[in-house]
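Enquirer: could you look at this predicted model? Sequence included:
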Amino acid sequence: MPQGTFVLVSSLERMSLMTVPVRTRFAPSPTGYMHIGGMRTALFAWLWARHMGGTFILRIDDTDQERNVEAALDPIFRAFEWLGLTWDEGPKVGGPFEPYYQSKRTPLYQAAVDKLLASGKAFKDFDPPEVIADDRKQAEAAKRTYVNVRRSLELTDAERQQLEANERPFVVRFLIPRDQKIAIDDAVRGHVEWDCSLMPDPVIMRSNGSFLYNFATVVDDGQMQITHIIRAEEHLANTPVQALIHLALENPMPVFAHIPFITAPGSTKKLSKRDVEKLRTSPQLKKMFERADEVFPQIGVGDSKTLNPVMVEYYERLGYLPAGILNALSRLGWSLDGTTEFMSLAEVVQNFTLERIVKAPAGFDPEKLQSFQQHWMNQLSIEEKIDGCLPYLTKAKLIPADVDHAVRSTVGRVIGAVADRLRIFSDILDYKEFFIADDAMPFDEKPFQQRLRDATEAVGLLKSIREQLAVIEPYDAPTLDKLVHDFVESQGIKIGQIVHALRVAVTGKSVGIGLFDALAILGRDSSLRRVERALNRV
RNA sequence: GCCCCCAUCGUCUAGAGGCCUAGGAUGCAGGAUUCUCAGUCCUGAUACACGGGUUCGAAUCCCGUUGGGGGUACCA
């Protein structure tokens, strides 16, 4: 370190001295949707608060929003509520530092600016934007790092008064102590240091009197007594300025923890909503978009254009489990150890530490998410699965809105037979054949052709087995199983010769649940009608 | 350009000098089970970016290179 300079602050020391309860926050903008990456950032902040028995705060960053903030906020609250990430202070619940909307906190920012101005740690800059732009251009031409020229600081008191009397527009700049260095001890990245001589004095108040994010956030974090600023890595570069402002405001220095962002699958770039159209064709996400286009229209929530995999609501609407999403998000950039994959939220809370956050960006992997989801879905009881699936069937009008005992029982039998083929609740829509009228059931053309038309013996076999299906008692899966096997033996055929044809005949598809379960669930009458219908169609 | 961050299988990660001929998961390939699909169970392939040090010994520490990313606003 050059002589005459010194490091201003080390938050690591403060961290060890810290005895105050942990307070973390998440400060979303009302964008109209909750970003999956933002959710992960929020989760980490939430986890740290919960792990430490502290407080988690939601603060709305609506400085540049005009109208309709409430509507744009709704999906955000919805996402937190769906995942069960409760906030202790913020919108809806209030708290000791109200209001929790930045747009309503301007008096606080004004007071802070006044304080800085009074102590000479900020100054009014009367240079018009064109002059500043010119300075920048010159620095660029000279291959010099640009720092603003402090002309307004050279003004005499009389000149300054003159300008103010003339109502000359000005911005307020925070005065960077250029002879110093600023360092932080980031809880995940370690010691990071910047040379203040390279830093321009940041504008903290615009000429129209509004405040900049970099300033407002510091004022808020200070006033709300945030102890740990857990946020995405892209804010690391903002940190020296913010730390300096904290110092100038005489706030206790919070601990910073910059977590890596989530990258798009197959990319090293941040997962962002702006690139959704590119993501649509990415091999990893293609299926997810297709699934949306398949399911959402059926349940009346648009398609993949209204809801896509960067939005939390996509997962909710498709019937993912909070446990699956939470588990996946927790493991993105954090691990408990080398082997533990499946963790409930409670287990993560118990074990979560900042220290084990990975420094490198993490790629979002839908397939890994799928495996977490599958695990948690398999933990559910049949009754829970029924409750999860029912809304999809009613919205798709496959069952009546008022679900009676009989319907619920049928759904239960289907789900039982579907077993672990059910990964997300909307998967139940892949088994429509059990909920539609016999004469409305569609046949997949390819298997119909292959198994019924092209297989020369299929029609004869189907006719024979139909006779037996008509009289077999009882009409349940084990009995049907035995029936078919006996049939196969007596006919001297392979089981595949009858099973495939029968499956296509009664379900219209080549794949699905076990054939005998399917027959039993459909019942004798439906089974016979469907076989009949298939035979007539050949 | 300048500042800052990052770098282990395709992906998520374990690894804080010898336990590493690098472990787990996911995905992939093959096999078994089976009426299809899914699942399950075996088996397999795949990684320490590169170059210099330091050390008896380096994925681990240091330096450099390369690559990737972020920032550089009267955006957030």
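Expert: Now that the structure is in, tell me what you want to look at.
Enquirer: phi, psi for residue A:231 please.
Expert: Torsion angles at residue A:231 (phi, psi; degrees, to the nearest 10) stand at phi -150, psi 170.
Enquirer: relative to residue A:147, how far out is the residue of the stretch 401-538 of chain A found nearest RNA strand B?
Expert: Closest to RNA strand B within the stretch 401-538 of chain A is residue A:514: 3.1 Å, counting by Cβ to the nearest atom of the strand. All C-beta atoms are positioned from the backbone trio N, CA, C, and that covers glycine. Applying Cβ to Cβ, to the nearest Å, the value for residue A:514 to residue A:147 is 73 Å.
Enquirer: so residue A:176, which of the three states?
Expert: Following DSSP: H, G, I helix; E, B strand; the rest coil, residue A:176 is assigned to coil.
Enquirer: OK, contacts around the residue nearest to residue A:306 when sequence neighbours are not counted?
Expert: Among residues not flanking residue A:306 along the chain, residue A:296 sits closest, at 7.1 Å (Cβ to Cβ, 6 or more residues apart in numbering). Applying Cβ atoms under 8 Å, 6 or more residues apart in numbering to residue A:296 gives the contacts A:302, A:303, A:304, A:306, A:307, A:317.
Enquirer: ok, the nearest residue to residue A:351 once chain neighbours are set aside to residue A:348 distance?
Expert: Once flanking residues are discounted, residue A:351 sits nearest to residue A:336: 5.1 Å by Cβ to Cβ, 6+ apart. Shown here: residue A:336 relative to residue A:348, a distance of 8 Å by Cβ to Cβ.
Enquirer: and the two? Which one has more around it.
Expert: Legend: neighbour count by other Cβ atoms under 10 Å for residue A:336 and residue A:348, higher for residue A:348 (21 against 17).
Enquirer: burial check on the residue nearest to the more buried one when sequence neighbours are not counted, number of neighbours?
Expert: Once flanking residues are discounted, residue A:348 sits nearest to residue A:330: 4.8 Å by Cβ to Cβ, 6+ apart. Look at residue A:330: counted by other Cβ under 10 Å, it has 24 neighbours.
Enquirer: my guess is residue A:330 meets residue A:47, correct?
Expert: Yes. Between residue A:330 and residue A:47 there is a contact under Cβ atoms under 8 Å: 7.4 Å.
Enquirer: got the contact list for stretch A:191-198?
Expert: A:5, A:7, A:12, A:145, A:147, A:176-186, A:236, A:239-240, A:244.
Enquirer: within reach of RNA strand B, which of the residues you listed are there?
Expert: A:145, A:236 (Cβ under 7 Å from any atom of the strand).
Enquirer: are any of the contacts of stretch A:191-198 buried, and which?
Expert: Among these, those scoring as buried are A:12, A:147, A:176, A:180-186, A:239-240, A:244 (criterion: 16 or more other Cβ atoms under 10 Å).
Enquirer: may I ask which two of the residues you listed are separated the most?
Expert: A:12 and A:147 (28.3 Å; Cβ to Cβ).
Enquirer: up against RNA strand B, what does the stretch 151-300 of chain A have?
Expert: Counting by Cβ under 7 Å from any atom of the strand, the residues of the stretch 151-300 of chain A near RNA strand B are A:169, A:171, A:189-190, A:192-195, A:198, A:200, A:202-203, A:206-208, A:212-214, A:233-238, A:261, A:263, A:266, A:268-270.
Enquirer: filter the residues you listed down to the buried ones, PyMOL style.
Expert: Only the buried entries of those go into this PyMOL selection, using 16+ other Cβ under 10 Å:
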select buried, chain A and resi 171+189+194+200+202+203+207+212+214+233+235+238+261+263+270
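Enquirer: among the residues of the stretch 151-300 of chain A next to RNA strand B, name the ones in strands.
Expert: A:171, A:190, A:192, A:193, A:194, A:195, A:203, A:263 (DSSP state E).
Enquirer: pLDDT on stretch A:56-73, on average?
Expert: The pLDDT scores in stretch A:56-73 average 83.
Enquirer: before we move on, what about stretch A:36-44?
Expert: pLDDT averaged over stretch A:36-44 gives 97.
Enquirer: do that stretch and RNA strand B meet?
Expert: No. For stretch A:36-44, no contact with RNA strand B is found by Cβ under 7 Å from any atom of the strand; the gap never falls below 9.9 Å.
Enquirer: where does pLDDT dip in the stretch 51-200 of chain A?
Expert: Low-confidence segments of the stretch 51-200 of chain A (pLDDT under 70): A:65-68.
Enquirer: can you pull out the strands in it?
Expert: With DSSP state E, counting those that start in this stretch as the criterion, the stretch 51-200 of chain A has strands at A:55-58, A:122-125, A:171-174, A:181-186, A:190-195.
Enquirer: residues from the stretch 301-450 of chain A in reach of RNA strand B?
Expert: A:331-335, A:337-339, A:341, A:356, A:358-363, A:365, A:367-368, A:370-371, A:374, A:419-421.
Enquirer: helices - which of these land there?
Expert: Judged by DSSP state H, helices contain the following of those: A:367, A:368, A:370, A:371, A:374.
Enquirer: tell me if I'm right that the residue nearest to residue A:351 and residue A:353 touch.
Expert: No. Applying Cβ under 8 Å as the test, residue A:336 and residue A:353 come out as separate, 9.5 Å apart.
Enquirer: kindly format the C-alpha coordinates of the longest helix seen in chain A as CSV.
Expert: Using DSSP H to define each element, chain A has its longest helix at helix A:515-537. Extracted C-alpha coordinates of helix A:515-537, given in CSV (Å, rounded to 0.1, in the frame of the first residue of the first chain):
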residue,chain,number,x,y,z
LEU,A,515,-52.1,-51.9,-18.3
PHE,A,516,-53.9,-53.9,-15.6
ASP,A,517,-54.2,-50.9,-13.4
ALA,A,518,-55.6,-49.0,-16.3
LEU,A,519,-58.2,-51.6,-17.1
ALA,A,520,-59.2,-51.9,-13.4
ILE,A,521,-59.5,-48.1,-13.0
LEU,A,522,-61.6,-47.7,-16.2
GLY,A,523,-63.8,-50.6,-15.1
ARG,A,524,-65.4,-53.3,-17.2
ASP,A,525,-67.9,-51.2,-19.1
SER,A,526,-65.5,-48.5,-20.2
SER,A,527,-62.8,-51.1,-21.1
LEU,A,528,-65.2,-53.0,-23.3
ARG,A,529,-66.6,-49.9,-24.9
ARG,A,530,-63.1,-48.7,-25.7
VAL,A,531,-62.0,-52.0,-27.1
GLU,A,532,-65.1,-52.0,-29.3
ARG,A,533,-64.5,-48.5,-30.4
ALA,A,534,-60.9,-49.3,-31.3
LEU,A,535,-61.9,-52.4,-33.3
ASN,A,536,-64.4,-50.4,-35.2
ARG,A,537,-61.8,-47.8,-36.0
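Enquirer: quick check: the gap between residue A:44 and residue A:93.
Expert: 21 Å.
Enquirer: please disregard the earlier target; I meant residue A:348.
Expert: 23 Å.
Enquirer: check residue A:269 too.
Expert: 36 Å.
Enquirer: just residue A:198 next, same as before
Expert: Applying Cβ to Cβ to residue A:198 and residue A:93 gives a distance of 42 Å.
Enquirer: got it, and residue A:169?
Expert: For residue A:169 relative to residue A:93 (Cβ to Cβ), the value is 40 Å.
Enquirer: do residue A:110 as well
Expert: To residue A:93, residue A:110 is 26 Å away according to Cβ to Cβ.
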